[in-house]
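Novice: my questions are about this predicted structure, shown below with the sequence.
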Amino acid sequence: MRRTIQIGGLLLWRVAAAVAAQAASAPVSSTNIFAPASTPARTIFGLSMFVLAVTALIFVVVGGLLAYSVMRFGSKAADANREPAQVYGSTQIELAWTVIPVLIVVVLFLATARVIHAIEDAPKPTEALDVTVIGHQYWWEFRYPKLGIVTANELHIPVSDPAHPTPTFLKLLSADTDHSFWVPELGGKTDLIPNRVNQMWMDPARPGMYRGQCAQYCGVQHAKMLLRVYVERPADFDAWVHAQQQTAVQDATVAEGRRVFETTSCINCHAVNGTAATGRFGPDLTHLMSRGTLAAGAAANTHDQLRLWIENPDAIKPGSLMPAMQLPVEERDALVAYLETLR
């Protein structure tokens, strides 16, 4: 029995060491819960490892007792026809299987409550960045109320220096149905629910691009409701803010494309600062070409993909709410040329 527990403990130690090694060496990658890069993610990761250790210990103890019982009291030829001694009730055993599980549940409850309190009730510094996140079918809208910036699907935030923390606080809203904001390396998932305001925060300590997605089934294109979080050094973030605060460049060489944009249903859904387009149903396109992806990460933001997205959205994202414009070839090409100037 003792040897079984020792072997189980050794296996648990090796698993924990492997997980720690992966967390330390893993590059920034897609939905990697083993490489937490912000305080909420690290706190959740620590709780997960604690729960794993407790449940693994329970598994080792129960498995060890079962193995011991099989080997010690297994069927033998000499005892095949002899009934073992019967025990009717045991106060000690009944107390053990009642008190020990209760204690385990209490410990797990207190550990979880401590983590929830640390994340949910964290103080908000005056230097914190405020971002309003609005979930749509099937894309993300990001609004920076203090900076006057509106963008989509790609969230830009500054890296947080532990000496001078600059966390990002997110106010989560939904424009239609239930969604869930989840970037595993930066924090746990938080739901976006109609007519309710939820909040979360993150303070990434290293620059990089972190991938996430909607984690609540919200319709036929839920799986392609992706998002990217770009964590940038202060100078790079300030440069991005300055560029996003500019109005759309009016390029005379694409005047025909702008005319097409402003005289079709495009302006009913999309907004472009400095033009007649003020739609809110679809993503703001003022700086469309500053984004690396289209359709909430479903396609790269290239000339060919943009052209296809306008011509036949279902070819990229079946079931999306973006209609096929069915424009003549000349107008479609002019529209694409115009959109490619929105940087």
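Specialist: Okay, I see it. Residues are numbered from 1 along each chain as shown.
Novice: ok, Gln250 - contacts?
Specialist: Shown in contact with Gln250 (C-beta atoms under 8 Å, 6 or more residues apart in numbering): 258, 274. The C-beta positions use only the backbone N, C-alpha and C, and glycine is treated the same way.
Novice: before we move on, what about Leu294?
Specialist: Leu294 neighbours (C-beta under 8 Å, 6+ apart): 300-301, 305-306, 309, 316.
Novice: change it to 6 Å
Specialist: 301, 305, 309 (C-beta atoms under 6 Å, 6 or more residues apart in numbering).
Novice: kindly report the same for Glu127.
Specialist: So Glu127 contacts Thr166 (C-beta under 6 Å, 6+ apart).
Novice: that one and Ala296, how far apart?
Specialist: Per C-beta to C-beta, to the nearest Å, Glu127 is found 30 Å from Ala296.
Novice: can you check Asp178 too?
Specialist: 16 Å.
Novice: with neighbour numbers in mind, choose between these two.
Specialist: Higher neighbour count among Asp178 and Ala296: Ala296, with 24 against 15, using other C-beta atoms under 10 Å.
Novice: show the pLDDT at that one.
Specialist: Ala296 carries a pLDDT value of 94.
Novice: that one touches Arg228, doesn't it?
Specialist: No. Taking contacts as C-beta atoms under 6 Å, Ala296 lies outside contact range of Arg228: 9.6 Å.
Novice: most neighbours among the contacts of Leu294, please name it.
Specialist: Neighbour max across the contacts of Leu294 (other C-beta under 10 Å) = Trp309, 23 neighbours.
Novice: can you dump the C-alpha atoms of the helix or strand hosting that residue in CSV for me?
Specialist: Secondary structure assignment for Trp309, by DSSP states H and E: helix 303-311. This file holds the C-alpha atoms of helix 303-311, laid out as CSV (Å, rounded to 0.1, in the frame of the first residue of the first chain):
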residue,chain,number,x,y,z
HIS,A,303,-6.8,41.8,-51.7
ASP,A,304,-8.2,38.5,-52.9
GLN,A,305,-9.9,37.6,-49.6
LEU,A,306,-11.4,41.1,-49.4
ARG,A,307,-12.7,40.8,-52.9
LEU,A,308,-14.2,37.4,-52.2
TRP,A,309,-15.7,38.6,-48.9
ILE,A,310,-17.7,41.3,-50.7
GLU,A,311,-18.6,39.1,-53.6
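Novice: so which elements touch the next helix or strand after it?
Specialist: Remark: after helix 303-311, the chain's next helix or strand is helix 329-339, criterion DSSP H and E. If contacts are counted by 3 or more C-beta pairs under 6 Å, 6 or more residues apart in numbering; DSSP states H and E, helix 329-339 sits against helix 255-263.
Novice: next up, the contacts around the residue nearest to Cys266 when sequence neighbours are not counted.
Specialist: Setting aside the residues directly before and after it, Cys266 is nearest to Ala277 in space (C-beta to C-beta, 6 or more residues apart in numbering), at 6.8 Å. Ala277 makes contacts with 267, 270-271, as judged by C-beta under 6 Å, 6+ apart.
Novice: can you show me the strands along the chain?
Specialist: 129-136, 139-144, 149-152, 154-158, 168-174, 179-182, 190-192, 198-202, 208-214, 226-232, 293-294, 299-300 (DSSP state E).
Novice: pick the most deeply packed of these.
Specialist: Mean neighbour count (mean count of other C-beta atoms under 10 Å) peaks for strand 179-182 among the strands of the chain, with a mean of 24.
Novice: report the separation between the residue nearest to Gly212 when sequence neighbours are not counted and Thr247.
Specialist: Computed as C-beta to C-beta, 6+ apart, the closest residue to Gly212 that is not its neighbour in sequence is Val183, at 3.3 Å. Noted for Val183: a distance of 30 Å to Thr247, by C-beta to C-beta.
Novice: comparing these two, which shows the higher neighbour count?
Specialist: Val183 (24 against 11).
Novice: show me what contacts that one?
Specialist: 210, 212, 229.
Novice: mind checking how far it is from Phe34?
Specialist: From Val183 over to Phe34 (counting by C-beta to C-beta), the distance is 14 Å.
Novice: now do Gly212
Specialist: For Gly212, the distance to Phe34 - C-beta to C-beta - is 15 Å.
Novice: for Ala128, same thing?
Specialist: For Ala128 relative to Phe34 (C-beta to C-beta), the value is 27 Å.
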